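Colleague: this is a predicted model, with the sequence first.
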Amino acid sequence: MERTLVLLKPDALQRAIAMQILERFERRGLRFIGLKLVAASREQASQHYAEHEGKFFFDGLVAHLQSGPVVAVVLEGPEAISVVRAMVGATRPHEAAAGTIRGDLALAGLRNLVHASDSPETAAREIAHWFDADEVLDYDRQLDRWVYESD
Ligand code: CMP
């Protein structure tokens, strides 16, 4: 089992497609274990993108994350990190394959709707950055034996 952090960026909410995106993750079989609406502070947005500090696009990236509410999500499932990255698609929407979230719902530039953790280390850091421990819930679903278990 893995956990991963997903952010639906302000463009997803402003375009009123946040629920469509969440539904894709749920339909795939992933479990929501953390979910909330956040107005990111400059500090919270900058720390989230700390690895990009100093790059020419850093200020724009931080400003975009702060430009409206964000939906912060923790998803859990087998191989959740790579599964979610594959569902999200390439960083640049015009390069994202059809069938991915960006390939189906985004078009150009870097209005790419979604952020998703890229490794177990990043996921642990990003989950702790956006969620308090008691905001991430542990629970079982009856349907998981139909989704996860092999014969
Ligand atoms: P995200 O998946 O949120 O993680 C890092 C973000 O940096 C990425 O989405 C893009 O929005 C952004 N990014 C990556 N490369 C560039 C670039 N060359 N110019 C502007 N933004 C970029």
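Modeller: All right, it came through fine.

Colleague: dump the helix or strand of the chain with the lowest mean pLDDT to PDB, keeping only the CA atoms.
Modeller: Using mean pLDDT, DSSP states H and E, the weakest-scoring helix or strand in the chain turns out to be helix 144-147, at a mean of 91. Output of helix 144-147 as PDB, limited to C-alpha atoms (Å, rounded to 0.1, in the frame of the first residue of the first chain):
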ATOM      1  CA  ASP A 144     -11.300  -3.200  -1.500                       C
ATOM      2  CA  ARG A 145     -11.200  -7.000  -1.700                       C
ATOM      3  CA  TRP A 146     -12.800  -6.700  -5.200                       C
ATOM      4  CA  VAL A 147     -10.400  -4.000  -6.200                       C
END
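
Colleague: who touches it?
Modeller: G29, R31, G77 (Cβ atoms under 8 Å, 6 or more residues apart in numbering). Yep, even glycine has a C-beta here, placed from its N, CA and C like the rest.

Colleague: what does the chain put close to the ligand?
Modeller: Applying Cβ under 6 Å from any ligand atom, we find that the chain lies next to the ligand at H52, F57, L61, T91, L110, N112, H115.

Colleague: can you pick out the ones from those residues that are in helices?
Modeller: Those of the residues of the chain next to the ligand mapping onto helices are L61, per DSSP state H.

Colleague: show the buried residues in the residues of the chain next to the ligand.
Modeller: Applying 16 or more other Cβ atoms under 10 Å to these, the neighbour count classes L61, N112, H115 as buried.

Colleague: just to revisit the earlier point, make a markdown table from the contacts of helix 144-147 and add secondary structure, neighbour count and pLDDT to it.
Modeller: Below are the contacts of helix 144-147 laid out as a markdown table (DSSP: H, G, I helix; E, B strand; the rest coil; neighbours: other Cβ atoms under 10 Å; pLDDT from 0 to 100):
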| residue | secondary structure | neighbour count | pLDDT |
| --- | --- | --- | --- |
| G29 | coil | 16 | 97 |
| R31 | strand | 21 | 97 |
| G77 | strand | 21 | 96 |
